[in-house]
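Colleague: Any chance you could fold what I've pasted below:
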Amino acid sequence: MLIFNLIGINTYAENFAVVSLLLFDPDMFKANVYCLVVALLSLVVSIKCQCQSGNSSQYVQCSQNAQCGCLQYSFSSSMYVCGLVSYSCGQFPQCRPPNDACDANEICIRHPRCNSQPVCYPLSMINEQSCPPGTVSQTTEPIQRISNYTSELNSLDGRYTRPGGSPQTYYEAIQLYVPTSGYYDLTSVSRLDTHGYLYNGTFNPFDPQSNLIAHNDDGAAGSQFKLPVYLQAGIPYTLVVTTHNAGNTGPFSVIAQGPGNIYFSPLNPVTTTTTTTSTTTTSAIIVSAFYNGDLTSSNPFYNRTGGSTGQYYYQAFEIQVSITGTYTFTSTSNMDTFGYIYQGNFYPFAPQINVHGQDDDSAGSNQFRVTAVLRSDVKYILVYTTYSPNTFGKYSVSAAGPGRVYMNPISITFT
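Modeller: Have a look, this model is predicted:
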């Protein structure tokens, strides 16, 4: 009998969110699965899950809480979560087509009692606090722990040319924190045809071969990647999830299985410390948007504020933030860049109107770093341009602040 220890940690730190899931694959284990969880003092306890393949496995009790049952994950015919099933069906909205999208802090599962179509289920109803495992006895069986990360590739994500692939391929970069050294499997679950790239340290979208230690395309069934890798505790890793074909978007999950929990964080959190005469306050700043682009002669041009006469090519981005606060936009490029933030509309023929912030070289190396207080109920425009006219080249721009940043490239047109 093959036994898995199924563990989820609700949170490692403020910015290390880890979904707490009890996952089991009945196709691998025929009729029944025995799930193991770890309690305090390294006690290993077991509970019989009895999640079978097919519809008959739905709602089988999987916890000491009798209100919990097995619910099929919408992306897979064989994976299940243990969740509360006794709530009103009216609170579960249907997953959004075509890729079963849900809001943050939800996953898409099948709940036939409520809806013939997949529904969005709150993560708070599938964690170990809601559905605690049962207690049986101690065991010395080897422990395998499963951690899960769920997200979605969309038009707000960065685009790059993946190794061996086409340009304009969407990707998400995820930082991995590994407390326990050992061999791990990193597997995607999605309706997308996925690729996985693992980097030792940082990931540079302009040089995606640098720091690359592993890549996989179809190592798992259903055109999913599977990365069997040895991860060393304390070493920073970056996992890049992308697609086989350019332009594809949709939800995905990454399942990590190995000797310890893995903590996932989208992009890299940056911690800033402010010191006063009596106290020290540490606040978390999240890099919450990242965009790669190429400024070419096909971009629009204008005469930027403070510039000399000439054609300054630019890219405009519509900016919206989830939380009011101070945000910073930073460029990375071989060009000498200039950045402007506009509140409301940007008028290329009158660029001095609505300027909310601007910068030239605050990031060093002739790169801009524009910092401004942005309100969650106001639309802003970021204009990425250059210090000198008629300048072209590749670039990236990142956004950091207390909340999520929605950064969408737009074309400025007037009729």
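
Colleague: Give me the spatial nearest neighbour of residue 154, chain neighbours excluded.
Modeller: Leaving aside its chain neighbours, residue 154 sits nearest to residue 249 (5.1 Å; criterion: CB to CB, 6 or more residues apart in numbering). The C-beta positions use only the backbone N, C-alpha and C, and glycine is treated the same way.

Colleague: Same question for residue 327.
Modeller: Excluding the flanking residues, the one nearest residue 327 by CB to CB, 6+ apart is residue 401, at 3.4 Å.

Colleague: shouldn't residue 303 be in contact with residue 310?
Modeller: Yes. Shown here, residue 303 and residue 310 form a contact pair, counting by CB atoms under 8 Å, at 7.2 Å.

Colleague: who's more crowded, the two?
Modeller: residue 303 (15 against 12; other CB atoms under 10 Å).

Colleague: Show the contacting residues for residue 218.
Modeller: Residues in contact with residue 218, defined by CB atoms under 8 Å, 6 or more residues apart in numbering, are 224, 225.

Colleague: ok, it to residue 258 distance?
Modeller: Relative to residue 258, residue 218 is positioned 21 Å away (CB to CB, to the nearest Å).

Colleague: cool, and residue 300?
Modeller: Using CB to CB, residue 300 is found at 49 Å from residue 258.

Colleague: which ones are touching residue 291?
Modeller: So, once contact is read as CB under 8 Å, 6+ apart, residue 291 ends up touching 158, 159, 317, 396, 397, 398, 407, 409.

Colleague: Over to residue 185?
Modeller: Counting by CB under 8 Å, 6+ apart, residue 185 has contacts 226, 227, 228, 255, 256, 257, 258.

Colleague: among those, which are in helices?
Modeller: Counted as lying in helices by DSSP state H, out of those, is not a single one.

Colleague: Just the buried positions in stretch 199-219, please.
Modeller: Neighbour counts using 16 or more other CB atoms under 10 Å place 199, 200, 203, 205, 208, 211, 212, 214, 215, 216, 217, 219 of stretch 199-219 among the buried residues.

Colleague: and if you look at stretch 309-321?
Modeller: Within stretch 309-321, the residues that count as buried by 16+ other CB under 10 Å are 312, 313, 314, 315, 316, 317, 319, 320, 321.

Colleague: again, but for stretch 363-383
Modeller: 363, 366, 367, 368, 369, 370, 372, 374, 380, 381, 382, 383.

Colleague: Quick check: the farthest pair among those residues?
Modeller: Greatest spatial distance among the buried residues of stretch 363-383 (CB to CB): 366 and 374, at 24.7 Å.

Colleague: So which of residue 300 and residue 258 has more stuff around it?
Modeller: Comparing residue 300 with residue 258 by neighbour count (other CB under 10 Å), the higher total belongs to residue 258, at 23 against 14.

Colleague: residues contacting the residue of the chain positioned farthest from its centre?
Modeller: Seen from the C-alpha centroid of the chain, the residue lying at the greatest distance (CA atoms, centre = their mean) is residue 309, 42.5 Å away. By CB under 8 Å, 6+ apart, the residues touching residue 309 are 303, 389.

Colleague: ok so it is a helix residue?
Modeller: No. Judged by DSSP: H, G, I helix; E, B strand; the rest coil, residue 309 forms no part of a helix; its state is coil.

Colleague: Quick check: the gap between it and residue 355.
Modeller: Separation of residue 309 from residue 355 (CB to CB): 20 Å.

Colleague: before we move on, what about residue 323?
Modeller: The gap separating residue 323 from residue 355 is 23 Å, by CB to CB.
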